[in-house]
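**Q** just to be clear, the model below is a prediction. Sequence and coordinates:
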Amino acid sequence: MLLILLVWINSLTWMVTSLEQDTSGYVVYCPCMGRFGNQADQFLGALAFAKTLNRTLILPPWVEYRPAYRTSVQVPFDTYFKVASLREYHRVITMETFMKHLAPTVWPPEERFSFCPVARSHSPKTNDCNAKYGNPFGPFWDTFGIDFVKSEIFGPLPYDGQGIHLKKKWDERFPPEKFPVLSFTAPPSSFPVQKIHVGLQKYVKWSNEYEQKAKDFIKTTIVERPYIGIHLRNGIDFKRACDHISDAPRMFASAQCLGYSGEKGKLTKDICFPSDDIVIRNVKKEVKRIKAKVVFVASDNRYLIKEFSAAMKKVKFVKQPSDASPHLDLALLGKADHFIGNCISTFSAFVKRERDANNLSTSFFAFEPKKHDEL
Ligand code: GFB
């Protein structure tokens with residue numbers, strides 16, 4: 001009873017203090033580049049940036065692209081992830097709460113400036129961020145009825161970097177009293193995620209809803225352990241992207257297996273787009289190694305369930321029913337006893353980071369890490 005009371009008082013205190021204006025200011029941005037894996041990569045850098053500037057991060061909704069919709073769909077951040085876990089690292093508030101309770105006083109319409117490193121070209125106005133030009137830019141800000149009265153082109157001021165110097169530079173140019181909200185047209189962070197920010201994944205925890213969905217799926221469909229989770233990224237978009245590996249040896253999330261300086265190996269076509277044969281061989285090897293009873297397959301295209309079942313008769317292969325939720329796939333891959341991912345995919349990278357934070361193992365298709373004496 002006492003514990004419940006304490007938790008209640010704690011959350012009440014949080015609500016009261018977080019709904020007071022943070023005089024150190026806020027950072028908000030549109031996750032306007034890429035789909036979930038890309039957005040999640042950039043989120044970690046943006047979280048670190050807000051902490052460095054000692055401004056509250058306004059958690060933007062996730063931007064999703066659904067077949068039946070003409071424009072992007074904005075899904076509140078806390079649909080998928082717990083806000084409270086992020087507060088163990090830094091002050092955050094959801095965009096919905098900020099816009100409803102704080103924006104009318106902290107960020108009135110006449111003070112809404114958009115921030116971009118350089119003017120966006122191919123857009124209507126020159127020397128302007130054109131923050132609402134195109135999809136998802138316009139639909140994102142329209143979700144909250146936000147219009148901008150002015151652009152602040154902040155380049156060459158960097159957003160990468162750490163510590164007091166970066167904060168000082170930003171505070172000098174954009175003091176919080178005059179610019180309470182820094183509102184970026186795109187994430188103020190690098191893509192792919194920088195090495196120093198990878199560990200922030202430990203503050204990203206699934207919402208109760210997704211935690212429960214994953215537990216239910218494990219109980220009713222996976223049933224037996226150990227289970228291996230695999231991510232097959234084999235849609236046509238990825239096949240096309242993999243045709244360009246020779247021009248981009250550090251493509252997307254490749255650092256997660258090859259290392260940030262390429263010190264653990266070289267990018268190959270097979271790592272990017274492994275053949276069915278390679279995939280089956282790799283799964284077989286891990287099934288044998290951990291004596292897996294079940295393999296959970298997540299994919300954006302081909303699941304190979306028939307092929308796997310023919311090659312491993314005693315193992316059960318399962319997937320979500322059609323219209324698989326990407327987030328439930330991610331949560332299930334994160335909870336597996338072993339995970340085999342696609343090294344280039346940022347969707348796989350989200351799983352790998354979560355698993356690393358929980359000391360769970362990951363390997364990648366067509367990739368053998370160099371032994372120590374080969375490095
Ligand atoms: O997340 P994402 O940036 O990962 O984009 P990559 C891939 C999207 O495809 C996901 C869907 O956000 C999902 O919507 N998807 C991929 C999946 N795998 C699965 C899966 O196993 N299950 C379900 N349900 N959905 C790269 C991008 O995608 O693809 C690049 O980083 C580029 O920007 C390239 O677009 C072609 O990193 O895999």
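**A** Alright, I've got the coordinates.

**Q** contacts, neighbours, all on C-alpha from now
**A** OK.

**Q** in the stretch 1-150 of the chain, which spans are strands?
**A** Assigned by DSSP state E, counting those that start in this stretch, the stretch 1-150 of the chain shows strands spanning 26-29, 56-59, 62-64, 73-75, 92-94, 113-116, 150-153.

**Q** of all those, which one comes closest to the ligand?
**A** Closest approach to the ligand among the strands of the stretch 1-150 of the chain (Cα to the nearest ligand atom): strand 62-64, 7.9 Å.

**Q** and Leu19, what pLDDT?
**A** Looking at Leu19, its pLDDT is 82.

**Q** contacting residues for it?
**A** Residues in contact with Leu19 (Cα atoms under 8 Å, 6 or more residues apart in numbering) are 98, 101-102.

**Q** now tell me what touches stretch 194-202 from outside.
**A** With Cα under 8 Å, 6+ apart as the test, stretch 194-202 has contacts from 44-45, 48, 260, 353-354, 357-358.

**Q** over to stretch 336-353?
**A** Residues outside stretch 336-353 that contact it (Cα under 8 Å, 6+ apart) are 36-38, 40-41, 198-199, 201-202, 225-233, 251-257, 271-272, 283, 330-331, 333-334, 360-365.

**Q** with stretch 168-183 instead?
**A** With Cα under 8 Å, 6+ apart, stretch 168-183 has contacts from 23-29, 53, 106-107, 112-115, 157.

**Q** show me which of these are buried.
**A** Neighbour counting with 16 or more other Cα atoms under 10 Å marks 24-29, 53, 106-107, 112-115 as buried within these.

**Q** adding pLDDT and distance to the ligand, write these out as a markdown table.
**A** Shown next, in a markdown table, are those (pLDDT from 0 to 100; distance: Cα to the nearest ligand atom, whole Å):
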| residue | pLDDT | distance to the ligand |
| --- | --- | --- |
| Ser24 | 98 | 32 |
| Gly25 | 98 | 30 |
| Tyr26 | 98 | 26 |
| Val27 | 98 | 23 |
| Val28 | 98 | 21 |
| Tyr29 | 98 | 18 |
| Leu53 | 97 | 27 |
| Val106 | 97 | 33 |
| Trp107 | 98 | 31 |
| Arg112 | 98 | 29 |
| Phe113 | 98 | 28 |
| Ser114 | 98 | 24 |
| Phe115 | 98 | 23 |
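
**Q** widest-spaced pair of these?
**A** Leu53 and Arg112 (19.2 Å; Cα to Cα).

**Q** next up, the contacts around the residue of the stretch 1-150 of the chain found nearest the ligand.
**A** Nearest to the ligand, among the residues of the stretch 1-150 of the chain, is Gly37, at 3.3 Å (Cα to the nearest ligand atom). Each residue near Gly37 by Cα under 8 Å, 6+ apart is listed here: 345-350.

**Q** hmm, back to that, got the strands of the stretch 1-150 of the chain as JSON lines, with distance to Ala310 columns?
**A** Listed next are the strands of the stretch 1-150 of the chain as JSON lines, based on distance: least, Cα to Cα, whole Å:
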{"stretch": "strand 26-29", "distance to Ala310": "48"}
{"stretch": "strand 56-59", "distance to Ala310": "46"}
{"stretch": "strand 62-64", "distance to Ala310": "36"}
{"stretch": "strand 73-75", "distance to Ala310": "40"}
{"stretch": "strand 92-94", "distance to Ala310": "47"}
{"stretch": "strand 113-116", "distance to Ala310": "53"}
{"stretch": "strand 150-153", "distance to Ala310": "58"}
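
**Q** closest one to Asp243 among the ones you listed?
**A** That would be strand 62-64 among the strands of the stretch 1-150 of the chain, by Cα to Cα, at 25.7 Å.

**Q** what about that closest one, near the ligand?
**A** No: with Cα under 6 Å from any ligand atom as the criterion, the ligand is not reached by strand 62-64; the gap is at least 7.9 Å.

**Q** please name every helix or strand in contact with that strand.
**A** Contact partners of strand 62-64 among helices and strands, from 3 or more Cα pairs under 8 Å, 6 or more residues apart in numbering; DSSP states H and E: helix 36-52, strand 73-75.

**Q** mind checking how far Val204 is from the ligand?
**A** Using Cα to the nearest ligand atom, to the nearest Å, Val204 is found at 16 Å from the ligand.

**Q** for that residue, give me its contacts.
**A** Contacts of Val204 by Cα under 8 Å, 6+ apart are 81-82, 85-86.

**Q** now the buried ones among the contacts of stretch 168-183 as CSV including distance to Lys168?
**A** Formatted as CSV, the buried ones among the contacts of stretch 168-183 follow (distance: Cα to Cα, whole Å):
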residue, distance to Lys168
Ser24, 13
Gly25, 14
Tyr26, 16
Val27, 16
Val28, 19
Tyr29, 21
Leu53, 8
Val106, 22
Trp107, 22
Arg112, 22
Phe113, 20
Ser114, 20
Phe115, 18
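
**Q** just those residues now: which is nearest Leu267?
**A** Closest to Leu267, out of all of the buried ones among the contacts of stretch 168-183 and judged by Cα to Cα, is Tyr29, at 32.2 Å.

**Q** pLDDT at the closest residue in space to Trp206 that isn't next to it in sequence, what is it?
**A** Of all residues not flanking Trp206 in the chain, Phe81 sits nearest, at 4.4 Å (Cα to Cα, 6 or more residues apart in numbering). pLDDT, Phe81: 98.

**Q** do the same with Lys314
**A** As predicted, Lys314 sits at a pLDDT of 97.

**Q** what's the answer for Pro274, then?
**A** Value listed for Pro274 in the pLDDT field: 98.

**Q** am I right that it is in contact with Phe364?
**A** No: counting by Cα atoms under 8 Å, Pro274 does not reach Phe364; the two are 10.1 Å apart.

**Q** compare those two (neighbour count), which wins?
**A** Phe364 (23 against 20; other Cα atoms under 10 Å).
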